[in-house]
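Colleague: Structure of the sequence below:
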Amino acid sequence: KAIIAAEDHDFYKHNGVDINGVARAFVNNQSEGSGRQGASTLTMQYVRLAIAYSATHPADVVAATEDTSARKLREMRLALQVDKEFSKDEILTRYLNLASFGNGAYGIYAASQVYFGKPPSKLKIEEAALLAGMVKAPTTNDPTTELGYPLALDRRNYVIQNMVDIKAITQQEADAAKATKLVVKDKRTPNGCVAANVNEWGFFCDYFYRWWMDQETFGSTRYDRERRLKSGGY
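Modeller: Okay, here's the model as predicted:
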């Protein structure tokens, strides 16, 4: 509910593409002095992530996120197809399992552990709102940094209020959540085998890494295998 409030209020109503949102963004982006709007639905964002993560060459990753009309139209076309193939909840789950939340956290489960040391099912309203607010700009809205903390707090409160707008929570619940101090654990994800905190585990980790990199099952190239190991949800 928090991610829908943050990114796509009409997620359960549209067919993968929000035509009204696209029209608003087009008009806004033609106006001088207006901040650019993207009008990307969660389904379109999922398509972008899926394309980037399935790329077999770094250049393809860049192409998947380039700011062009052609890329946008491709996303819209594929989003319409994805909406036919999967249920809304399946699309939402796939998106949340791929999205980056900063600090090496790919996917909502990793993010929940990194920032709050708990599984997503245990998140409170204000915690869910914080994480949902980070996907738009994980580095800018990083609550573990001095500059990012106030921005993350503002973004969290913005998402909480939007949760009221979509009737996910009451105004009373929102006021209580906003009044809660923002506290994060900053328990960052381990960075490779150097993070093994028991000596003999490091040797096994290294063995496993080398084994993985030799398995074509995980990708046709070593680049693809390493990318999937580090950011593919494993």
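
Colleague: any idea which helix or strand of the protein has the worst average confidence?
Modeller: helix 19-30 (a mean of 62; mean pLDDT, DSSP states H and E).

Colleague: measure the residue nearest to Asp10 when sequence neighbours are not counted to Leu80 for me?
Modeller: In space, and not counting its chain neighbours, Asp10 is closest to Asp18: 5.7 Å by CB to CB, 6 or more residues apart in numbering. Every residue, glycine included, has its C-beta placed from N, CA and C. Look at Asp18 and Leu80: by CB to CB, to the nearest Å, they are 11 Å apart.

Colleague: Skipping adjacent residues, who's closest to Pro119 in space?
Modeller: Ser112 (6.0 Å).

Colleague: Surely that neighbour touches Leu123?
Modeller: Yes. Counting by CB atoms under 8 Å, Ser112 touches Leu123, with 6.1 Å between them.

Colleague: so what's in contact with these two at the same time?
Modeller: Shared contacts of Ser112 and Leu123, defined by CB atoms under 8 Å, 6 or more residues apart in numbering, comprise Leu131.

Colleague: Give me the contact list for stretch 134-141.
Modeller: By CB under 8 Å, 6+ apart, stretch 134-141 touches 3, 6-7, 99-103, 111, 133, 142-143, 148, 151-152, 155.

Colleague: and what of stretch 202-209?
Modeller: So stretch 202-209 is in contact with 192-194, 196, 229, going by CB under 8 Å, 6+ apart.

Colleague: likewise stretch 102-122?
Modeller: The contact list for stretch 102-122, computed with CB under 8 Å, 6+ apart, reads 96-101, 123, 127-128, 130-131, 134, 138-139, 141-144, 184-189, 191, 231-233.

Colleague: Let's see which of those end up in helices.
Modeller: Mapping the contacts of stretch 102-122 onto helices (DSSP state H) picks out 96-98, 127-128, 130-131, 134, 231.

Colleague: per-residue confidence at the residue most central in space within the chain?
Modeller: Nearest to the geometric centre of the chain sits Ala99, at 2.5 Å (CA atoms, centre = their mean). Confidence at Ala99, expressed as pLDDT, is 94.

Colleague: any idea how far the residue nearest to it when sequence neighbours are not counted is from Asp214?
Modeller: In space, and not counting its chain neighbours, Ala99 is closest to Val135: 4.9 Å by CB to CB, 6+ apart. As judged by CB to CB, Val135 and Asp214 stand 34 Å apart.

Colleague: Thanks again, I'm all set now.
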